[in-house]
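> I would like to see how this sequence folds:
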Amino acid sequence: MELMDELASAYLDNFDEMSYVLNKETGEVILDAPESLTGEPEVDWNDEEAESLLSIPQITSSEAYDVMLKFCDKQKPAITEKLARVLEGRKPFRNFKDKVIELGMEEQWYSFEQNEAKEVIMKWLSDHSLLYEMLNQKFRSDKK
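Below is the predicted model of the structure:
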């Protein structure tokens, strides 16, 4: 798996008790969750080594909703209407995913969602003066 795929997945994983951090020295993506869930100790942000860590942002509900709307807008009018209708009702996230599956567009949706996440991650890296190419090189050499 490429580093960008891991970063995008970390961004899209939105669980209250879990988050992800990037080790700027190695390019490693680290799960930061309660020890009771992972069996591993949580990140100690007071530790000297934590200076090389950066919290990876997580998508918010409103951002995720906007991505679904953007996906709708890129479809043919009949599809847009079907997808938009489920977004207006109760449980829009669940119903949207169900409708995407029903329409046979699951692969298109996940590809679109990943690409949107990658754009956010590239901007986030830039905001923190990090070059993806350098991080990816560290990530790859660490995996060998």
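
> which pLDDT value goes with the residue sitting furthest away from the middle of the chain?
Ranked by distance from the centre of the chain (C-alpha atoms, centre = their mean), the top residue is residue 78, with 28.7 Å. We have a pLDDT of 96 for residue 78.

> same deal with residue 36?
83.

> roughly how far apart are it and residue 30?
17 Å (C-beta to C-beta, to the nearest Å). Placement of C-beta: from N, CA and C, glycine included.

> looking at the two, which is more packed in?
Set residue 36 next to residue 30 and count neighbours by other C-beta atoms under 10 Å: residue 30 wins out with 16 against 8.

> ok, and the closest non-adjacent residue to that one?
Closest residue to residue 30 apart from its sequence neighbours, by C-beta to C-beta, 6 or more residues apart in numbering: residue 21 at 5.0 Å.

> contact partners for the residue farthest from the centre of the chain?
Residue 78 makes no contacts at all, as judged by C-beta atoms under 8 Å, 6 or more residues apart in numbering.

> that one is in what secondary structure piece?
helix 77-88 (DSSP states H and E).

> return the residues in contact with residue 3.
Neighbours of residue 3 in contact, by C-beta under 8 Å, 6+ apart: 27, 29, 132, 135-136, 139-140.

> redo that, cut-off 7 Å
27, 135-136, 139 (C-beta atoms under 7 Å, 6 or more residues apart in numbering).

> excluding chain neighbours, what is closest to it?
Per C-beta to C-beta, 6+ apart, closest to residue 3 is residue 139, 4.1 Å.

> roughly how far apart are that neighbour and residue 25?
Taking C-beta to C-beta, one finds residue 139 at 11 Å from residue 25.

> neighbour count: those two, which is higher?
residue 139 (22 against 13).

> hmm, back to that, need the three-state assignment for the residue nearest to residue 30.
What DSSP: H, G, I helix; E, B strand; the rest coil gives for residue 21 is strand.

> now do residue 57
Classified using three-state DSSP, residue 57 is coil.

> how far away is it from residue 110?
20 Å.

> more neighbours: which of those two?
residue 57 (17 against 13).

> close enough to count as contact, that one and residue 127?
No - in this structure residue 57 lies outside contact range of residue 127 using C-beta atoms under 7 Å: 9.8 Å.
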